[in-house]
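[1] Have a look at this prediction, sequence included:
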Amino acid sequence: MLKTTKMFALAATAALALGATAGIAVAADLTIASWGGSYQAAQSKAIFQPVAKKLGITIKEESYGGISDVRLQVKAGAVTLDIIDTGSGGGARGGVEGILEPLDYKMIDVSNFVDGTHLPACVGTITFSTVAAYNTDTYKDGGPKTWADFFDTKKFPGKRAYRSKYHGALEPALMADGVPKSEVYKVLDSKEGIDRAINKIRSIKDDIAVWWKSGAQHAQLMKDGEVDMTTGWNGRFDVAIKDGAKTAYNYNDALLDYDCFGIPKGAPNKELAMKFLAEASKPEYQANMPQYITYGPTDKKAYELGIIDDAVAKTLPSHPHNAETQLVVDNGWYAKWEKYASEKYQEMLTE
Amino acid sequence: MSVADILHPGAAAAGDAAPNADGLKADAALERMKLFGLCSPALLLVVVTMVLPVVWLFYLSFLSDEGTFSLEHYERLTASKAYARIFWTTFKVSILTTIICVAIGYPLAYFLAQLPKRAAALCMITVLLPFWTSLLVRTYAWLVLLQRKGLVNTWAIELGLWDEPIKIVHNLNGTLIGMVHIMLPFLVLPVYGSMKAIDTDFVKAASNLGASPVKAFWKVFFPLSLPGLFAGALIVFVLCLGFFVTPAVLGGGRVIMVSMSITDTIELFFNWGAASALGVVLLVMTLGTLFLASRLLNLDKILGGGGGGGGH
Amino acid sequence: MSDNLGRGEALPIFIGNVTKTYGKVFALDDVSLDVKQGEFMTLLGPSGSGKTTLLMVLAGFTRPDHGSLKFGDREVIRTPPHKRDVGMVFQNYALFPHMNVAANVGFPLKLRNVSGPELAERVEGALETVQLGGYGERGIDQLSGGQKQRVALARAIVFEPRILLMDEPLSALDKKLREHMQIELRHLHDKLGMTTVYVTHDQREALTMSDRIAVINHGKLMQLDEPRTIYDFPANTFVADFIGESTFVPVSVSGGKVSYDGTALQTATTPDGAGKYNLMMRPERLAFVSGKKPKDVNVFKGTVSELVFQGESFLMYADLSDGTQVAVRGATQKDAMANVPEVGAAVSLGLHKDDTVLIPDTGDLPA
């Protein structure tokens, strides 16, 4: 809690500082929208401001509600944002829908990116992982190490929490059911595969006490001891652990996901935005992020620059050592099977 | 001078038998126009903020992803078993909440109605207190109290009431506890109002005529308080149908109500058409409930009379 | 439910030393009062006098601090209202709005396990008694004020209680209907023979209907007598002033002789002993005197100060020689009006010795 407060204070100070700069600038050259809070405060210091300085331009930062805001602006023909930060799913969808501009990968260098962390219309900036966390008090002799363990309620009895949406929920179930990491999206690419994954979840439904909706929630569930294990995002657990939560997790077969930058269709300063993203995607900027928040870079080279503290680097999702044990989320699959998977998942939930 | 002139002085001057009739009629019309003029900003506000969005909702729900007229969103609702279950959950939770609210709220209102004015006002404040605190805060407070290692379980285990933590939240129980807490004032207020409006002479008359206190209550007081009870129950039920925060937080993901499904449909899938269809079905079901209620009960009396009861 | 109460002969009521206080205020101050079997007794007093409190004690809705209450020979002071078996008509009728006329009237019968044809028969009988035969299916809000009043009455008598209580039952009716109902209620009482206790603040109503009137003020019984006695010989200034119109003229009493302004008066009763007394003059008992002083009439001389026409009567104010203003009321019949002097004229007013009533001056003379 204390940590969170400090974080907020930091964010507030940063926001004030930003406000001051924005006040001096008559008209900003670029408008960038992200998620606000401690995340955007970190981005601002690690990436946005240094890049703007390098390019000699002024920027205006805004916080926004996600890809649906972009859709509204594009549909209304009144686009004010030049660059947006979105989840990989939103980035993939935005590209398919045509509300995000295709990116020019001749300008943006993704050659050293973790595989699958860039999309036609969205370039990765940070990575996070969906992992299995467990209570170290409940499982003193070691908790679940694999998804199979997570789904084994005899070997590891205890209350579980699981995601209330199908996002990041089917892949672990399939792996627990014996599908190797590399085959997961192949198996999932059919109704039978999706049904198989959902049936696996159905088999432990009685042991799932809570279906979580947000990162804040699954972190709190672990902190309060409300459940003994849960799926969730690594960054949230890091904060909980720092706050004293008896929690541990590993990257074994975890799902590697990322946030990315895109340019809304019809952005007022498209050319400049592209230049900005080319610069912002360089490893030296990405390497600044972990100082402020425990998310990993998408560019593997960022680890080789000596900017990231070694001890910290080893804990980040995209650290080569961690990345290689993980499955990168396939947004193509999500776009294709959204309807079927979400409906079947909801049916399982409402049974 | 004729007799008519004497009987109707002034008629001769005006030149007809109904002097000033046209002018008076015009005045009345002008007055109505002015009255309407006074109301029109409010009417406009109602149309813009309430009628238009509903019309828009209907329109969207019949629009396919390609922008043509289609029933696909409604077909989707019937195709998946999940939606029937979600609507069933919504009604089940609403009905249960209403029943519990009535079971707790009616005796509470009765107790308040018997208290002297000052004491009743004081107690009423405690009933209304939840109104003045944030819904989220109250809901999370219940979470803290009821969870596995929460206050209730910890104390109960210490007191030896039960050995293992019992599951009172992240399920239907927790949802009902939270919703009843929030909805209770909506029931107590109209019931209290209708009880206060009952002339004490009615109960006196009943007992004078030979009714024991229990009989006087059931034969006279209770029937007279029914309009308030129906009004309160109806308000609670309808509010429950659209409830979002409490089941989302205390339901643990297993109590899925329509409003939550609507939010998901928009936030996750950006599907305005499907969300609108859900909204339209919920709206129609709510209106259906109101219509049924108006058929079974005298709704005009409930909504208009507030808590009539008094016969004079 | 009823052992020695209920259907049967009317019961006398014995009220003994009943006291009820609210904080320091006495609503009833040691009231003792007997109502005879089959009597029509009216409790008369201004609002706040305690008359309604006394009625509520009889019905069982108000618990007195102490005292005794007997219906016949049974002590009922601690009996709850629903076991007292007394009929009651409430001021606002208290007809149950959720029941029709028949259900209202049948309510006390159902509680007494009357059902089927007998129930219908007795309900209809009660409604016929109050001249509302065939009104059973009407809703309460379809009735006029007078009809509601009759239904309330029917409901109070349908179970043939031996005591009937009425709390200002006619106060909500307009004047004409009220006067008509007064006669009708009295006839009904005579027909049913129940012991009736009737509360009103309307002295004319009390005089019209009652066998006896109990005048109550400040929780105390001021006088208990038949209407004529109450009117003609009020026991104290309060009763004299509250009932009818009256002017009070201070008189001196010594040795059994009464005089006003130096002139000896013939009186109906001779006051025993000394003390301060007032002469009560009822305006309608004063007459114009011309010429020789008639036998057995006391004459007062004065000047006409004001004359008011009030329809069925006129009211004249005259200043007596010592400045006391008295009122005179007379009929507006043409011949009588011819004798009325004009304002400013001297006038002689005669009061028959039987109407010359002295009231002990208790110092609470109304202003």
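    Thanks, I have it.

[2] Quick check, pLDDT for whichever residue of the stretch 51-200 of chain A sits closest to chain C.
    Of all residues in the stretch 51-200 of chain A, A:Ser164 sits closest to chain C, at 48.8 Å by Cβ to the nearest Cβ. Every C-beta, even on glycine, is put in place using the N, C-alpha and C of the backbone. Per-residue pLDDT puts A:Ser164 at 92.

[3] Now for it: which residues touch it?
    A:Trp211, A:Trp212, A:Lys213, A:Leu349, B:Gly253 (Cβ atoms under 8 Å, 6 or more residues apart in numbering or on different chains).

[4] which element follows whichever strand or helix holds the first one toward the C-terminus?
    So that's A:Trp211. Using DSSP states H and E, A:Trp211 sits within strand A:208-212. Per DSSP H and E, strand A:208-212 leads on to helix A:215-224 as the next helix or strand towards the C-terminus.

[5] Quick one: residues in contact with the helix or strand just after that following helix.
    As assigned by DSSP H and E, the chain's next helix or strand after helix A:215-224 is strand A:229-233. Applying Cβ under 8 Å, 6+ apart, the contact partners of strand A:229-233 are A:128-135, A:138, A:143-144, A:150, A:156, A:158-163, A:168-169, A:172, A:210, A:212, A:215, A:218-219, A:221-222.

[6] Show the average pLDDT along strand A:229-233.
    95.

[7] which ones are touching B:Val54?
    B:Leu283 are the contacts of B:Val54 under Cβ under 8 Å, 6+ apart.

[8] my read is it is in a helix, agree?
    Yes. Assessed with DSSP: H, G, I helix; E, B strand; the rest coil, B:Val54 lies in a helix.

[9] What pLDDT does the model give it?
    For B:Val54, the model assigns a pLDDT of 88.

[10] Is C:Pro169 in contact with C:Ala94, as I believe?
    No. Counting by Cβ atoms under 8 Å, C:Pro169 stays clear of C:Ala94, with 10.8 Å between them.

[11] who touches both of the two?
    Counting by Cβ under 8 Å, 6+ apart, the contacts common to C:Pro169 and C:Ala94 are C:Ala152.

[12] Which helix or strand contains the residue of the stretch 1-150 of chain A found nearest chain B?
    Closest residue of the stretch 1-150 of chain A to chain B, Cβ to the nearest Cβ: A:Ser68 (5.5 Å). For A:Ser68, the element it lies in under DSSP H and E is helix A:67-76.

[13] Pick out the residue in the stretch 1-150 of chain C sitting closest to chain A.
    Counting by Cβ to the nearest Cβ, the stretch 1-150 of chain C gets nearest chain A through C:His98, at 43.1 Å.

[14] list the contacts for that residue?
    B:Pro223, B:Leu224.

[15] quick one: pLDDT of it?
    92.

[16] Any regions of the chain where pLDDT drops low?
    In the absence of a named chain, chain A is used. A:1-27 (pLDDT under 70).

[17] That was the other one, I meant chain C.
    Ranges of chain C meeting pLDDT under 70: C:1-8, C:273-274, C:364-367.

[18] all helices for it, in order.
    In order along the chain, chain C carries the following helices (DSSP state H): C:51-59, C:101-111, C:116-129, C:145-157, C:175-192, C:203-209, C:227-232, C:237-242, C:334-338.

[19] Output those helices in JSON lines, with mean neighbour count appended to each entry.
    Listed next are the helices of chain C as JSON lines, based on neighbours: other Cβ atoms under 10 Å in any protein chain shown:
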{"stretch": "helix C:51-59", "mean neighbour count": "23"}
{"stretch": "helix C:101-111", "mean neighbour count": "23"}
{"stretch": "helix C:116-129", "mean neighbour count": "16"}
{"stretch": "helix C:145-157", "mean neighbour count": "24"}
{"stretch": "helix C:175-192", "mean neighbour count": "15"}
{"stretch": "helix C:203-209", "mean neighbour count": "20"}
{"stretch": "helix C:227-232", "mean neighbour count": "18"}
{"stretch": "helix C:237-242", "mean neighbour count": "22"}
{"stretch": "helix C:334-338", "mean neighbour count": "9"}
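
[20] Any chance of a markdown table for these, columns distance to A:Glu226?
    Converted to a markdown table, the helices of chain C look like this (distance: least, Cβ to Cβ, whole Å):
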| stretch | distance to A:Glu226 |
| --- | --- |
| helix C:51-59 | 60 |
| helix C:101-111 | 57 |
| helix C:116-129 | 64 |
| helix C:145-157 | 63 |
| helix C:175-192 | 74 |
| helix C:203-209 | 76 |
| helix C:227-232 | 83 |
| helix C:237-242 | 78 |
| helix C:334-338 | 100 |
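
[21] Need those in a markdown table (columns: distance to chain B).
    Listed next are these as a markdown table, based on distance: least, Cβ to the nearest Cβ, whole Å:
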| stretch | distance to chain B |
| --- | --- |
| helix C:51-59 | 6 |
| helix C:101-111 | 4 |
| helix C:116-129 | 13 |
| helix C:145-157 | 7 |
| helix C:175-192 | 17 |
| helix C:203-209 | 21 |
| helix C:227-232 | 28 |
| helix C:237-242 | 27 |
| helix C:334-338 | 29 |
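
[22] Tell me which of the ones you listed sits nearest to A:Thr294.
    Nearest to A:Thr294, of all the helices of chain C, is helix C:101-111, at 76.2 Å by Cβ to Cβ.

[23] can you give me how far that closest one is from the chain middle?
    30 Å (Cα atoms, centre = their mean, to the nearest Å).

[24] So which elements touch that helix?
    Counting contacts by 3 or more Cβ pairs under 8 Å, 6 or more residues apart in numbering or on different chains; DSSP states H and E, helix C:101-111 packs against helix C:116-129, helix C:145-157.

[25] ok, and what's touching that helix?
    B:206, B:209-211, B:215, B:219, C:1, C:95-96, C:99, C:114, C:119-120, C:122-123, C:126-127, C:132, C:135-140, C:143, C:151, C:154-155, C:158-159.

[26] Just the buried residues of those.
    B:206, B:209-211, B:215, B:219, C:95-96, C:99, C:114, C:119, C:122-123, C:126-127, C:132, C:135-136, C:140, C:143, C:151, C:154-155, C:158-159 (16 or more other Cβ atoms under 10 Å in any protein chain shown).

[27] Which residue is the nearest non-sequential neighbour of the residue in the stretch 151-300 of chain C that chain A sits nearest to?
    Proximity of the stretch 151-300 of chain C to chain A (Cβ to the nearest Cβ) peaks at C:Arg155, 56.9 Å away. Counting by Cβ to Cβ, 6 or more residues apart in numbering or on different chains, C:Val105 is the residue found nearest to C:Arg155 once chain neighbours are left out, at 4.8 Å.

[28] State the distance from that neighbour to C:Val130.
    9 Å (Cβ to Cβ, to the nearest Å).

[29] quick revisit: could you say what helices and strands the helix holding A:Ser68 packs with?
    strand A:83-87, helix A:88-97.

[30] now, of the ones you listed, which is deepest in the fold?
    Most buried of the helices and strands packed on helix A:67-76 by mean neighbour count (mean count of other Cβ atoms under 10 Å in any protein chain shown) is strand A:83-87; its value is a mean of 24.

[31] Many thanks, have a good one.
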